[in-house]
Structures are given as structure tokens and as C-alpha cells.
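Engineer: give me a 3D structure for the following:
(2 chains)
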Number of protein chains: 2
Amino acid sequence: MEKLLNNAFNGDPRSIGRLISLVEADSPSAKEIMKKVYPRTGKAMIIGITGSPGAGKSTFVDRLIEQFQAEGLRVGVIAIDPSSPFTGGAILGDRLRMQGHALNENVFIRSMGSRGHLGGVSRSTHEASLILDACGFDVVLIETVGVGQSEVDIIKIADTVVLVLVPGMGDDVQIMKAGIMEIADTFVVNKADREGADKVAADVQVMLKMLKERDWVPPVTLVSSQNNTGVDEVRKILHDHWNYLKTTDEGKRRRFLQLEMEVEAILRGEISALTEKVWKKRKDAGVLEDLAARKTDPYTLASEMISQIIK
Amino acid sequence: MEKLLNNAFNGDPRSIGRLISLVEADSPSAKEIMKKVYPRTGKAMIIGITGSPGAGKSTFVDRLIEQFQAEGLRVGVIAIDPSSPFTGGAILGDRLRMQGHALNENVFIRSMGSRGHLGGVSRSTHEASLILDACGFDVVLIETVGVGQSEVDIIKIADTVVLVLVPGMGDDVQIMKAGIMEIADTFVVNKADREGADKVAADVQVMLKMLKERDWVPPVTLVSSQNNTGVDEVRKILHDHWNYLKTTDEGKRRRFLQLEMEVEAILRGEISALTEKVWKKRKDAGVLEDLAARKTDPYTLASEMISQIIK
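Structural biologist: Residues are numbered from 1 along each chain as shown, chains lettered A, B, ... in the order given. Alright, predicted model coming up:
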């Protein structure tokens, strides 16, 4: 284990991949790994890239990797694969294309499944980003699936959230994304060569004015990932936001909030592992039948189980 | 408390409203109320109505209330109000219109806030539906906000999930809703007088064929809430689905799954109340600063706190 960790910390891609796999599989060594990983973290810029399926996130991420590489930075990428049967094919195709980067030793790309029905950003995703941080990547890009809760959860682990929009998605989608608008630190209007891109940018500006004022005003950038225009501007914005976070109270507040959520998530995980045993025993004894027949109620049952576990 | 409960169980609207408020505010009496409520539940059809903002859910719910009333059934409605500033106005307007029904003693309508950023279906929503069930309503309609996770969470508390679609929302929205398609027990294509309604119905049929086969094949109904056509058909389907759940293994499996999730949600709630005290004490002692400085790590910290709480 010591050797695997050292190799990974020295940048060996296979060892890094192995660490992520062990943590993703929640192996018995996972907690020990993370305890060793954690003290080395806090250096990388963790950037979440979110936006609807079809917004061109993967191509944009490709371009961003190139830009950061040109600066001499090492880039780690976590691409969350959807579990839905409807989009799996297309996204897998994107991933294969992106593997072109994988030949370069300063880029590490990892696909991760999205556990649970809709949530794309799981605890494993977070732990993988911490591992990449500890292994010396300067930038960690997390590309979400772009459906449902995943887009909001990214705020829990990313320093900076990029929302990728495209012309032609319709107003309904924009409105549905109201909750997402509020967590974005910067907006990218992708496929800017298409008609309607200026309109999307203007709409975003209007919606931003409706949100409560913040010190950091999210910039809106017109980008064409195909023609590679505007990406350099986004790269600069990402550095600016990183500096903003490092030097302001808002940045501190956000880091503390993330740490809080992180500890709480681990607590929840540990405690549910403990309660699971007690719960399983009650289920095996037929308590669900009793509940269905209203012989007991969930509140009484929960109290009973808690008194079995808690001091 | 005894008197309040009895009045509510006898159908007094003010007492019912008061019970829901006490539970929603998580007052000290909430658990005691729910323990008294629970044995009386399991009789009402709990129906979740979901679909995008703008799909015409409120008008459809209005029509459905009328249909059930015509059968002599008592109908309780929980309408989840969005917390987003972007849709609040319109939905509040809908609610006011719907209050027309509130004058009738066999209809009870309650608006509830959606706690958390996007989640529309909270534990309070569930508890409110149990209260309405216990107070003798034959049908409980839960209308979700129609954004994000709320639409999937509805399966945890509803016996039957209705997904309301409309022509003209575009394919992207349909695909984004992939996770929702899978939980719908019946589909309503609303505003069926509009062009494209047949196409939407056909698309849904195609997507249903892609899902894994189930005993219950979700029907797709063309509805015009404005012209009041198709709603009676939906009412019949809802009764059919209720009978299906009451008489099949699949129905039993689903009820048990809901009970499981319910007990687990209560357990989580109780345990987090317990851990919160320990956690707050550590935070007050500056542990977030230690974490930020990497003097400790979240995993070690969580273990320490757990050993303080657990037997």
C-alpha cells in the first residue's frame, strides 16, 4: 500500500488509476488511502463543468485541457458517465475520442459511473478529485452528466463551476436550470458560431441581475470549441476565480462550507454502515410486514433501533 | 393534542391544517402526532403529479379533483411551491385560482414549500400526505414543482406517478427526463388540442419500449385540461393502477420499498440530530480551520465523532 501510494504521489498513471479504483469500490483500504491522501490536497484548482447533454461539454473540456497544458500545468479529468440507457452511447463515444489525451503523461483522464438514479456527483467522484489533487495535478476538471441533481451537487466539491450553454435549447430549459444558474461561477455560451448565441449570452446577463448580488460577478464568455475561440479567455477567468477564492472571505466561506459537507457526508456514510446491520436484522425478522399491517410505525421502529446503536 | 387529533381525524379542515403545520415546522409534538397518524394510514390513493413547469399540471389537477369528487371521493391536494425566484410568481397565481376548490369541504388544498435548493419532495411532504390519508381523504394528489430531483423522489411516497407532458417542449427536455420516464406509471399528454400532441404520445411509446419490461405497461393518454377531455380516462387508469398495486407482488414490492425508504429517512433524521451536537461542538472549537490547514482529515475526524456517539 505504501508503495502504491508513493508511486501515485510521484505521478505514475497506473498507480493513480488503481487508487481511484480501490476508493471507488469502497475497498477495506479506502479509508486508509484517503487519510494518506488528504494532507496532500488543497493545491489543485477543482473545476466542475456542467450543462445539458448536447451542450458540447466534452469538446470544450478537450480545448481546456490543451490550454492548461500550454501553460505547463498537469491536468486531471474526471468524466462522469451517465447510467441512463438513453445517453450512454453518445457519451461513451465522446470519451473514446478524448482518450487521445491519455497518451500524454501530464493528462490523466478517468471515467466514473454515476451511482444512484440521477445523481452524477457521488462521494467517489469527490475522493477521486482529492486523489488527483494529492498526486500533483494542478487542475482537476470534473465533467458532470448534465442531468438533474448532479449539476447542483458539483458545488459541494468544485472550487469553480462552469455552466456550458448553447443556442437553440429553448427558454424552458433555461428556466428549469434556475437552480443551476445560482451556483455557476462562470458561463460559457458554446457553439458561439451558431445563430442565437448572443441572445443566450444576453439572457444569462438578465437572469444574473435577478440573482442576489455577489462580490464575484460570473462572466459570460462566447466560445467556439470547434474553432477554438474564447477558450483562452475562459482559462484566464478560471485563474482569476481561483485567486478570488484564495484571497477573499467568500473563498474562505466556501471552502469551509465544502469541508463541512465533506465531513457530514463521511459521518452519514459511516453511521449508515453501522445502522444497516441492526436494520437488516429487523427486516429479516419481518418488520416490513408489521409496518405494512400498521402493527408498528416507522417512528417507533426508528427510536427502537437508535437506542440499540447510540450511547 | 388529543382533541386536535380527533378533530382532524373527523375531517375538520382547520385542525388538519394545524397538524400539517406542526409537522412541517418539526415542532416537539411532531413525532407524537405521526405515531398517532400512522396506524390510520394506508387507505388513500397517493398520486404524484409531475412534469415540467408550463406543462399545465395545476389545471390538470383541477380537472382531476372534479372527477374524483363526482365519484363521491374526498380529495386532499399537496401543491409544492418552488423556492426559485424565477417561477414563483406564475405558480402562486395558479394556486390562488385553485383555491376555488377550498370552499368545498370534501377538498383540502395545501401549499408546501420545497425545502433545500432543488428537491421538491421533502419528508414534510410525505408526512402531510400521511396526515391527509389518516384524516379520511380517499385520494391525495401531490403536485411537484417539476424541476430536478423532486420528480424522481415522488416515487418514494406516491402509489402512482403521473407524468404530464406537452407538445412543443423539444427533444432535449424529453431526454433530460430519461430518469423520470422510468418512474412514471401513466403518461398524460396535456394540451392535446395543440399541434404535435400525437407525436409526443408516439415518442413516449417508443421510449417505453426501450425500458425494461414490466407487468404494468404505463398507458399514455391525450388530455385537454382546458376542454376537459381525456381526464375521465386518466381517472379510470389511476383506479386500475391502484387495484394493480393492491393485488400483485409488484405492488407489495413497491409498498415495502417505500416503507424501507421511510424508516431509513427517519433514522437518518434522528441520527443527524444526535451527531449535530457533537459536530457543532467541534466546529466551535475551530476544527474547520484545522481541516483547511490539513492538520487533520475528515476521515479521522468522523471516526472520532462516531466513537463519541455510538455504543
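
Engineer: just checking, next helix/strand downstream of the lowest-mean-pLDDT helix or strand in chain A?
Structural biologist: Within chain A, no helix or strand scores below helix A:88-98, which has a mean of 45 by mean pLDDT, DSSP states H and E. Downstream of helix A:88-98, the first helix or strand assigned by DSSP states H and E is strand A:107-113.

Engineer: helices along chain A, start to end?
Structural biologist: Counting by DSSP state H, chain A has helices at residues A:2-9, A:13-24, A:30-37, A:57-70, A:88-98, A:123-134, A:150-153, A:171-176, A:178-181, A:197-210, A:231-247, A:249-284, A:287-292, A:298-309.

Engineer: looking at those, which is nearest to B:Thr300?
Structural biologist: helix A:30-37 (6.1 Å; C-beta to C-beta). For the C-beta atoms, the positions are set from N, CA and C on the backbone; glycine is no exception.

Engineer: so what touches the closest one?
Structural biologist: By C-beta atoms under 8 Å, 6 or more residues apart in numbering or on different chains, the surrounding residues in contact with helix A:30-37 are A:Met1, A:Leu5, A:Leu19, A:Leu22, A:Val23, A:Glu127, A:Leu130, A:Ile131, A:Ala134, B:Asp297, B:Tyr299, B:Thr300.

Engineer: how does it look with 6 Å?
Structural biologist: Residues outside helix A:30-37 that contact it (C-beta atoms under 6 Å, 6 or more residues apart in numbering or on different chains) are A:Leu5, A:Leu19, A:Leu22, A:Val23, A:Leu130, A:Ile131, A:Ala134, B:Asp297, B:Tyr299.

Engineer: tell me how many other residues crowd the second one.
Structural biologist: The number of residues packed around A:Leu19, counting by other C-beta atoms under 10 Å in any protein chain shown, is 28.

Engineer: contact partners for it?
Structural biologist: A:Ala8, A:Ile33, A:Ile131.

Engineer: what sits closest to the residue in the stretch 201-311 of chain A positioned nearest to chain B if chain neighbours are left out?
Structural biologist: At 3.6 Å from chain B, A:Asp297 is the closest residue in the stretch 201-311 of chain A, using C-beta to the nearest C-beta. The shortest distance from A:Asp297 to any non-neighbouring residue, by C-beta to C-beta, 6 or more residues apart in numbering or on different chains, is to B:Tyr38 (3.6 Å).

Engineer: okay, now the unreliable bits of chain A?
Structural biologist: A:81-104, A:114-121, A:147-151, A:170-178 (pLDDT under 70).

Engineer: ok, now which ones touch the residue nearest the centre of it?
Structural biologist: Nearest to the geometric centre of chain A sits A:Ile154, at 4.2 Å (C-alpha atoms, centre = their mean). A:Ile154 makes contacts with A:Gly48, A:Thr50, A:Val121, A:Thr144, A:Val161, as judged by C-beta under 6 Å, 6+ apart.

Engineer: what's the closest of these to A:Lys281?
Structural biologist: Comparing the contacts of A:Ile154 against A:Lys281 with C-beta to C-beta places A:Val121 closest, at 32.5 Å.

Engineer: what does the stretch 201-311 of chain A have sitting close to chain B?
Structural biologist: Applying C-beta under 6 Å from any C-beta of the partner chain, one finds that the stretch 201-311 of chain A approaches chain B through A:255-256, A:259, A:262-263, A:266-267, A:270-271, A:275, A:288, A:291-292, A:294, A:297-299, A:301-302, A:306, A:311.

Engineer: only the buried subset of the residues you listed, as a ChimeraX command please.
Structural biologist: Filtering these down to the buried ones (16 or more other C-beta atoms under 10 Å in any protein chain shown) takes a single ChimeraX command:
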select /A:255,259,262,263,266,267,270,271,275,288,291,297,298,299,301,302,306
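
Engineer: which among the contacts of A:Leu19 gets closest to chain B?
Structural biologist: A:Ile33 (9.5 Å).

Engineer: distance of the closest one from A:Leu19?
Structural biologist: Remark: distance between A:Ile33 and A:Leu19 (C-beta to C-beta, to the nearest Å) = 6 Å.

Engineer: ok, A:Ala184 next?
Structural biologist: From A:Ala184 to A:Leu19 the distance is 30 Å (C-beta to C-beta).

Engineer: same question for A:Ser272.
Structural biologist: The value you get for A:Ser272 to A:Leu19, if C-beta to C-beta is used, is 24 Å.

Engineer: A:Thr300 too?
Structural biologist: 44 Å.

Engineer: same question, A:Pro218
Structural biologist: In terms of C-beta to C-beta, A:Pro218 sits 34 Å off from A:Leu19.

Engineer: contact partners for A:Leu301?
Structural biologist: B:Val263.

Engineer: hmm, back to that, quick one: the residue of the stretch 201-311 of chain A closest to chain B and B:Thr41 touch, right?
Structural biologist: No - using C-beta atoms under 6 Å, A:Asp297 is not in contact with B:Thr41; the gap is 8.9 Å.

Engineer: how many neighbours does A:Ala201 have?
Structural biologist: The burial count for A:Ala201: 18, using other C-beta under 10 Å.

Engineer: hmm, I typed the wrong one, I wanted A:Ile109.
Structural biologist: The burial count for A:Ile109: 21, using other C-beta under 10 Å.

Engineer: who's the closest residue in space to it that isn't next to it in sequence bridged to?
Structural biologist: Using C-beta to C-beta, 6+ apart and skipping the chain neighbours, the partner closest in space to A:Ile109 is A:Val77 (4.5 Å). Going by DSSP bridges, A:Val77 is paired in beta bridges with A:Ile109, A:Leu141.

Engineer: wouldn't A:Val77 be in contact with A:Ser111 here?
Structural biologist: No - between A:Val77 and A:Ser111 there is no contact under C-beta under 6 Å: 9.2 Å.
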